[in-house]
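1. Following is a predicted model, sequence given first.
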Protein chains: 2
Amino acid sequence: MSWRDNLIKIEPYVAGEQPNKTDFIKLNANENPYPPSPNVIKAINDFAAGGLKKYPSANAVPLVAAIAKREGLKPENVFVGNGTDDVLSLAFRAFFNSDKPIIFPDITYSFNTVWCDILNIPYETVSVDDDFNINPDDYARENGGVVLANPNAPTSIGRDLDFIRKILDNNPDSVVIVDEAYVDFGGTTAIPLLKEYDNLLITRTFSKSRSLAGMRLGWAMGGEELISALYATKDSMNSYPVDSIAQAAGIAAIEDEEYFQSTLKKVMTTRDRLTAELREMGFVLPDSSTNFVFASHPKYSAKDIFEYLKTKDIYVRWFNKPRIDNRLRITVGSDSDTDMLINALKQFIK
Amino acid sequence: MSWRDNLIKIEPYVAGEQPNKTDFIKLNANENPYPPSPNVIKAINDFAAGGLKKYPSANAVPLVAAIAKREGLKPENVFVGNGTDDVLSLAFRAFFNSDKPIIFPDITYSFNTVWCDILNIPYETVSVDDDFNINPDDYARENGGVVLANPNAPTSIGRDLDFIRKILDNNPDSVVIVDEAYVDFGGTTAIPLLKEYDNLLITRTFSKSRSLAGMRLGWAMGGEELISALYATKDSMNSYPVDSIAQAAGIAAIEDEEYFQSTLKKVMTTRDRLTAELREMGFVLPDSSTNFVFASHPKYSAKDIFEYLKTKDIYVRWFNKPRIDNRLRITVGSDSDTDMLINALKQFIK
């Protein structure tokens, strides 16, 4: 036996293409086109960096308090991590210790299967319909847990509170995770259901609606038992996942409600304009409740459009995967980036 | 079956006491008494926070390059994570997939057993001798991996290159991790052995010698196969563990060699003075190769001293654990904090 035999055998997750140049239009990672709140920038630039010699608050106590206040919850119902991926991977580890498979849609966040593989969690996917809609009655089967994104990605489709309630009513014996990464762009939050269902965990990110992808901040909201299990798991892996500056930036972002709302409004206005323009060109796409659209064209292959846009230095996301390989996921950028995209598409189609 | 039955069952790791007040002398977490390099502070305060809307470099490429350059390695030999605990937990997951137990000293970093528990890694501890010395011949037994800290914690004892070489020669079929968290304070690095042993992984932290505990940065150095396995594991858990500001701060810290050396010198000078003063008071302690000392007194119980110091608003670390429960781990603070500590101890002993 060599030490090589004991190395982990996994296929690394491959993230979206990040071109090794700076002068291009990046619409492939659902980043926000606007900078974070000026208060965040001020908090960072005024940060007393001398204090970094000390460890941060291990449980990000002040940031948890700010989030709890904004969402009308108690601090015991909030957990903060090093990006939502950190929070979700801890949640999978903390909650999904059943022999029964956890279930999630076949078309959803692609990291789910990666976490299941590395954490040895059995799973089964549940097909969405041909319009990418999730049928809540499909989630009445026996399972070890349920994972949804609402709005879903990469489909951009948001569902209402009744939909989540049906899933929860079908699953009183499972933890149900609802990732609300994109909810601020017009989705419906499940927060009101937290009072009724202590098996519900909602996750959120600072990366999209709060323009802080570079800062790595995500959080979870749920019943005290779930949140305690997240802390216990975190404390068994890495006690201090969120650095002091990230905590300060997060607080400033959460507390600037006005900037937050104005940025959301701008992104949603651009999205609706992009949606109308795409439909005019013949693209088919569902109404988006997110900061991206999920479009196909009956006459042109998504891959061809994707490759063509790259030649114009415009990067969107194309998934070489069953059922969605003729769709493009296009991030809503600034107005000028969106104009460039629309012009390029018009040229291609002409 | 309730969802509660599927929650993880673990005892959370309990970190050192962090008093909920500000006016006290904190010598219990091995933090550096000096702030980070002025260049780090400048890098943070000049950071273009508007850029945080974009994801960071997923693999911290520029920071990896800076570390590789400083240590005379290739970028393929360096991995950066969200603190050394993040790096070590990934390393345990990536390397220790044998049915045989991994082995480490009974007195060493206490997180080892926690990672083994949550990752289901079998382990056995190997007793250090009564002077807390590790015998490299004890590491010739069959195992699934070896984990050492050199200098060791909380003992403060550093060993030479021959010691590490013996361990490696005894273990050609195991990955050997050497955590060098404290090596800059007078220990001997195993970096020269990387050329000869591709089963060696060395870990480092920015938290101690580089005064960046609040920033959460750690790294690993090793053969390409080990580093690749770390990336694959990271990419299966959380693709972007190190935020953009942390990467910028890390580069500034690595590149300011002069400040680094001057801070180390100050800490080591204070440590040697503290060691001499403690011995004069009758304390017994090994020569420290770290930024802390590990002391006992033949006439007074460590717990009593610990409790007494707390009444003087001085916090040191006392471990309520077999073999070391009559020892104190005392961080080397500033000169004035050290004076306060020495005076308090003199009062107690008088």
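-> Received it, and whenever you're ready, just let me know what you need.
2. just checking, what's the longest helix in chain A?
-> Criterion DSSP state H: the longest helix present in chain A is helix A:257-280.
3. quick one, helices of the stretch 101-250 of chain A?
-> Shown for the stretch 101-250 of chain A, the helices assigned by DSSP state H, counting those that start in this stretch span residues A:111-119, A:161-170, A:224-234, A:244-255.
4. Name the stretch among the ones you listed that sits most buried.
-> Of the helices of the stretch 101-250 of chain A, the one with the most neighbours on average (mean count of other CB atoms under 10 Å in any protein chain shown) is helix A:244-255, at a mean of 24. Yep, even glycine has a C-beta here, placed from its N, CA and C like the rest.
5. rewinding a little: what is the longest helix of chain A packed up against?
-> strand A:292-295, helix A:335-349 (3 or more CB pairs under 8 Å, 6 or more residues apart in numbering or on different chains; DSSP states H and E).
6. List of residues touching the last one?
-> Right, helix A:335-349. Identification of contacts with helix A:335-349 by CB atoms under 8 Å, 6 or more residues apart in numbering or on different chains yields A:25, A:27, A:33, A:270, A:273-274, A:277-278, A:281-282, A:297, A:299-300, A:305, A:308-309, A:312, A:314, A:316, A:330, A:332-333.
7. tell me which parts of the stretch 201-350 of chain A are close to chain B?
-> Within the stretch 201-350 of chain A, the positions near chain B by CB under 8 Å from any CB of the partner chain are A:207, A:211-216, A:225-226, A:229, A:231-233, A:235-246, A:249.
8. For the spatially closest residue to residue A:199 that is not a sequence neighbour, give me its contacts.
-> Spatial nearest neighbour of residue A:199, chain neighbours left out: residue B:3 (4.7 Å); criterion: CB to CB, 6 or more residues apart in numbering or on different chains. Residues near residue B:3 by CB under 8 Å, 6+ apart: A:95, A:145, A:172-175, A:199.
9. ok, residue A:315 touching residue A:25?
-> Yes: counting by CB atoms under 8 Å, residue A:25 is a contact partner of residue A:315 at 6.8 Å.
10. which intervals of the stretch 1-150 of chain A have sub-threshold pLDDT?
-> A:12, A:14-17 (pLDDT under 70).
11. residue ranges of the strands in it, please?
-> Per DSSP state E, counting those that start in this stretch, the stretch 1-150 of chain A carries strands over the ranges A:25-26, A:78-81, A:102-105, A:123-126, A:145-149.
12. Out of those strands, which gets nearest to residue A:136?
-> strand A:145-149 (9.5 Å; CB to CB).
13. Tell me, how many residues neighbour residue A:60?
-> Neighbour count for residue A:60, taken as other CB atoms under 10 Å in any protein chain shown: 27.
14. and it, what are its phi and psi?
-> Here is the backbone geometry of residue A:60 (degrees, to the nearest 10): phi 50, psi 50.
15. What residues does residue A:190 make contact with?
-> For residue A:190, the contacting residues are A:150, A:161, A:164, A:178, A:180, A:200, A:202, by CB under 8 Å, 6+ apart.
16. if we go to 10 Å?
-> A:148, A:150, A:159, A:161, A:163-165, A:167-168, A:176, A:178, A:180, A:183, A:197, A:200-202, A:221 (CB atoms under 10 Å, 6 or more residues apart in numbering or on different chains).
17. what's the closest non-adjacent residue to it?
-> residue A:164 (4.7 Å).
18. where's stretch A:267-285 relative to the chain centroid, distance-wise?
-> 22 Å (CA atoms, centre = their mean, to the nearest Å).
19. in it, what's buried?
-> A:267-268, A:270-271, A:274-275, A:277-278, A:283, A:285 (16 or more other CB atoms under 10 Å in any protein chain shown).
20. List phi and psi for the nearest residue to residue A:103 once chain neighbours are set aside.
-> With CB to CB, 6+ apart as the criterion, residue A:103 has its nearest non-adjacent residue at 4.6 Å, and that residue is residue A:143. With angles defined as degrees, to the nearest 10, residue A:143 sits at phi -160, psi 170.
21. how many other residues sit next to residue A:145?
-> 27.
22. ugh, typo on my part, it should be residue A:317
-> 20.
23. circling back to that earlier point, which two from the contacts of residue B:3 end up farthest apart in space?
-> Taking CB to CB, no two of the contacts of residue B:3 sit farther apart than A:95 and A:172, at 14.6 Å.
24. So which of these two has more stuff around it?
-> residue A:95 (29 against 11).
25. got a list of what that one touches?
-> Residue A:95 touches A:102, A:121, A:144-145, A:147, A:174-177, A:199, A:201, A:222, A:226, A:229-230, A:233, B:3-4, B:6-8, counting by CB under 10 Å, 6+ apart.
26. which of the helices and strands packed on helix A:257-280 sits most buried?
-> Taking mean count of other CB under 10 Å, strand A:292-295 is the most buried of the helices and strands packed on helix A:257-280, at a mean of 25.
27. coming back round to it: put the buried members of the contacts of residue A:95 into a PyMOL selection.
-> Buried members of the contacts of residue A:95 can be picked out in PyMOL with the line below, counting by 16+ other CB under 10 Å:
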select buried, (chain A and resi 102+121+144+145+147+174+175+176+177+199+201+222+226+229+230+233) or (chain B and resi 3+6+7+8)
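28. How much space separates the residue nearest to residue A:199 from residue A:350?
-> 55 Å (CB to CB, to the nearest Å).
29. same deal with residue A:190?
-> Where residue A:350 is concerned, residue A:190 sits at a distance of 44 Å (CB to CB).
30. about what we covered before: what is the nearest of the buried residues of stretch A:267-285 to residue B:18?
-> residue A:267 (39.8 Å).
31. Could you verify my assumption that that closest one touches residue A:332?
-> Yes: between residue A:267 and residue A:332 there is a contact under CB atoms under 10 Å: 5.4 Å.
32. Overlap of the contact sets of these two?
-> A:32-33, A:185, A:290-292.
33. And these, which two are furthest apart?
-> Largest pairwise distance in the shared contacts of residue A:267 and residue A:332, by CB to CB, is 13.9 Å, between A:33 and A:290.
34. Return every residue with contacts to both of those two.
-> With CB under 10 Å, 6+ apart, residue A:33 and residue A:290 have common neighbours A:267, A:331-332.
35. Same list, those, but as TSV with pLDDT please.
-> What follows is these, written out as TSV (pLDDT from 0 to 100):
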residue	pLDDT
A:267	98
A:331	98
A:332	98
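36. now those residues as CSV including distance to residue A:82?
-> Converted to CSV, the shared contacts of residue A:33 and residue A:290 look like this (distance: CB to CB, whole Å):
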residue, distance to residue A:82
A:267, 25
A:331, 23
A:332, 26
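37. and which of these is nearest to residue B:258?
-> Distances from residue B:258 to the shared contacts of residue A:33 and residue A:290, taken by CB to CB, are shortest for residue A:331, at 43.8 Å.
38. With adjacent residues omitted, what lies nearest to that closest one?
-> residue A:27 (4.1 Å).
39. The one you found: how many residues sit nearby?
-> By other CB under 10 Å, the residues close to residue A:27 number 26.
40. just to revisit the earlier point, the residue nearest to residue A:190 reaches residue A:176, doesn't it?
-> Yes: between residue A:164 and residue A:176 there is a contact under CB under 10 Å: 8.1 Å.
41. intersection of neighbour lists for those two?
-> A:148, A:190, A:193, A:197, A:200, A:202.
42. Could you report the neighbour count for the first one?
-> Other residues within reach of residue A:148 by the criterion other CB under 10 Å amount to 23.
43. just the fourth one next, same as before
-> Around residue A:197 sit 19 other residues, with neighbours defined as other CB under 10 Å.
44. show me what contacts the residue nearest to it when sequence neighbours are not counted?
-> Closest residue in space to residue A:197, ignoring its immediate chain neighbours: residue A:168 at 4.9 Å, by CB to CB, 6+ apart. For residue A:168, the contacting residues are A:136, A:139, A:146, A:174, A:176, A:178, A:190, A:193, A:196-197, A:199-200, by CB under 10 Å, 6+ apart.
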